[in-house]
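S.K.: Starting from these lines, generate the structure:
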Amino acid sequence: MKPVTLLPPHRRAVFLSDVHLGSRHCHAAELAQFLRGLRCTQLYLVGDIIDLWWLAHRRAAWRPSHSAVIEALHALRRAGTEIIYIPGNHDASLRQMCGLMLPAMQVRRRAIHTTADGRRLLVVHGDDYDGVTHFGGLQEKFGDWLYYRILTGNHLLNAARRRLGMRYWSLSEFLKRQSSAAERYIERFVQAGLDDVRRRGLDGVVCGHIHRAALVERDGLVYANDGDWVESLTALAEDPDGTLRLLDHRGQTVAHLEGIRQAA
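M.R.: Coordinates of the predicted model:
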């Protein structure tokens, strides 16, 4: 008797962002493996997929694992997955292509995703909600310098943990949670996203940008941040019944919001 091969669950939609391909901090091998095990109708790439900032201003770090991510995306497209690319601030030059229907994907500035249970969610990278990106100058340069030093420490720590057979743990995420200033900034970001969809008459927002995965409902509105593939290694998924869930890089659920039950 042949062993039964269990297929991964089918997702109605998957959202991922902040991959930063081309930078040395991208966990491309984990993402490629995640994508190979994915079955979904729609895949939203919610910005900062290719880090054009890093490629332009720093030493490029394009490795075979980064190419494997591109190959896995092509395989999904060939399998029938619709791919929607919403550029972020690190791949902002691709916004010039918004509105185009390319052979491999659609490119949009933002999108409205309607879940199976009828909720209308704004899908946007999120840099429009980020006050820091509007100030520039010394504040932004210092923040960028410090952040990349922390990511380097995170990379070295987890390389050691892998050698010891230990699971991934994000030092940078831990440090952000200890900072009251970081927590205040994230709360302002969340509130800006919720205020935006409230003005638009929508039911919630799906974004990325701040590298902090979250899935919450507040005052009847959904705030979903799909996280990143530099620190949290997460994605957002919608089940066939409209349930939203955050997945880690192994495809395991770390948080979920039930779909709204439709009247019989």
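S.K.: Helix, strand or coil: sort out L247 for me.
M.R.: strand (DSSP: H, G, I helix; E, B strand; the rest coil).
S.K.: now it: how far from L194?
M.R.: 23 Å (CB to CB, to the nearest Å). Every residue, glycine included, has its C-beta placed from N, CA and C.
S.K.: Show me which of these two is the more surrounded one.
M.R.: Taking neighbours as other CB atoms under 10 Å, L247 and L194 compare with L247 leading, 24 against 20.
S.K.: And that one, what's its pLDDT?
M.R.: We note a pLDDT of 97 for L247 in this prediction.
S.K.: Over to R199?
M.R.: 97.
S.K.: my read: D219 touches L194, true?
M.R.: Yes - taking contacts as CB atoms under 8 Å, D219 lies within contact range of L194: 7.4 Å.
S.K.: Count the residues that sit near the spatially closest residue to P8 that is not a sequence neighbour.
M.R.: Leaving aside its sequence neighbours, P8 sits nearest to G37 (CB to CB, 6 or more residues apart in numbering; 5.0 Å). The burial count assigned to G37 is 12, neighbours taken as other CB under 10 Å.
S.K.: Equivalent analysis for G22, please.
M.R.: So G22, with other CB under 10 Å, has 23 neighbours.
S.K.: thought it was touching D48?
M.R.: No - taking contacts as CB under 8 Å, G22 lies outside contact range of D48: 10.6 Å.
S.K.: Would you mind writing the CA trace of stretch 96-108 as PDB?
M.R.: Only the C-alpha atoms of stretch 96-108 are listed here, as PDB (Å, rounded to 0.1, in the frame of the first residue of the first chain):
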ATOM      1  CA  GLN A  96       5.800  53.600 -12.200                       C
ATOM      2  CA  MET A  97       4.400  50.300 -13.500                       C
ATOM      3  CA  CYS A  98       1.200  50.400 -11.400                       C
ATOM      4  CA  GLY A  99      -1.900  49.600 -13.400                       C
ATOM      5  CA  LEU A 100       0.000  47.300 -15.800                       C
ATOM      6  CA  MET A 101      -1.100  43.700 -16.400                       C
ATOM      7  CA  LEU A 102       2.200  41.900 -16.900                       C
ATOM      8  CA  PRO A 103       2.400  38.300 -18.000                       C
ATOM      9  CA  ALA A 104       3.500  37.200 -14.500                       C
ATOM     10  CA  MET A 105       1.500  39.600 -12.300                       C
ATOM     11  CA  GLN A 106      -0.500  42.700 -11.900                       C
ATOM     12  CA  VAL A 107       1.200  45.800 -10.400                       C
ATOM     13  CA  ARG A 108      -1.000  48.100  -8.300                       C
END
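S.K.: All set, thanks.
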